[in-house]
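**Q** When you get a sec, could you give me coordinates for this:
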Amino acid sequence: MKSLGSILQAPPKAITPETLYLVGLVTVASFLQMGMFLGAVGMARKKYKVVPPKIDGDPKFNLVYRAHQNSVENYPIFLAGLWTAAIFFHQVPAAIFGVIYMVGRELYFRGYSAAAAKRGPGFIISSLTLLALFSLTALGAASTAYHAYAGHHYLKGLLSYIPVPFT
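**A** Numbers count the residues shown, from 1 in each chain. You can find the predicted model right below:
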């Protein structure tokens, strides 16, 4: 089994389809998920008779609309974290955290659409996942910068003791 240090891409490998295909697939899946959230808002507009451009109406419509709006607000942060973690660290952990984020967003959307008090678990999962993606990016970028200036991969040595089930 390889170690985390042996797969760290510091400095990053060339950006090619082979080094980023997993996050590409997660990105496509997340596009579809955001489209489904948008469709749920459209259905809620019809059900609760909220005609565009109005964004306020029946309290149940407002829940669906806010769940979608919050997902839209977090989406650029997610995409930036997903891709920078894949580039500076490795695509496999980035893609895994990307899928976990999407599960968290689904739980958040369903929970918030039912009742504002039910959004908590999905919010926690997606927030912690964003923190994990940020951490991977920060570690990989710091290791790359250190290598560029000092010629040494400090992070590869530190992470060489952590086994990973992927390559």
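**Q** Now do the contacts for the residue sitting furthest away from the middle of the chain.
**A** Of all residues in the chain, the one whose C-alpha sits farthest from the chain's mean C-alpha position, using CA atoms, centre = their mean, is residue 49 at 33.0 Å. With contacts taken as CB atoms under 8 Å, 6 or more residues apart in numbering, residue 49 has the following neighbours: 57-58. For every residue, glycine as well, the C-beta is placed using N, CA and C.
**Q** Ramachandran angles for it?
**A** Note on residue 49: backbone dihedrals following degrees, to the nearest 10 are phi 50, psi 50.
**Q** ok, now residue 115?
**A** Here residue 115 shows phi and psi, under degrees, to the nearest 10, equal to phi -170, psi 140.
**Q** now do residue 53
**A** phi -90, psi 10.
**Q** and it, how far is that from residue 69?
**A** Distance check for residue 53 against residue 69: by CB to CB, to the nearest Å, it reads 14 Å.
**Q** try residue 57
**A** In this structure, residue 57 and residue 69 are 14 Å apart, going by CB to CB.
**Q** what's the answer for residue 37, then?
**A** Going from residue 37 to residue 69 by CB to CB gives 10 Å.
**Q** Between the two, which is the more surrounded one?
**A** A count of neighbours by other CB atoms under 10 Å puts residue 37 above the other of residue 37 and residue 69, at 22 against 14.
**Q** if I pick that one, what's in contact with it?
**A** Residues touching residue 37, when contacts are defined by CB under 8 Å, 6+ apart, comprise 67-68, 71, 109.
**Q** Please tell me which one of those counts the most neighbours.
**A** Once you tally neighbours by other CB under 10 Å, residue 67 ends up highest among the contacts of residue 37, having 25 neighbours.
**Q** Could you verify my assumption that it touches residue 109?
**A** Yes. With contact defined as CB atoms under 8 Å, residue 67 reaches residue 109; the gap is 4.7 Å.
**Q** Model confidence for the residue farthest from the centre of the chain, exactly?
**A** Note on residue 49: pLDDT of 96.
**Q** same check, this time on residue 148
**A** In the predicted model, residue 148 carries a pLDDT score of 79.
**Q** same deal with residue 151?
**A** Reading off the per-residue confidence, residue 151 sits at a pLDDT of 76.
**Q** Who are the contact partners of the nearest residue to residue 115 once chain neighbours are set aside?
**A** In space, and not counting its chain neighbours, residue 115 is closest to residue 63: 7.1 Å by CB to CB, 6 or more residues apart in numbering. By CB under 8 Å, 6+ apart, the contact list for residue 63 reads 112-116.
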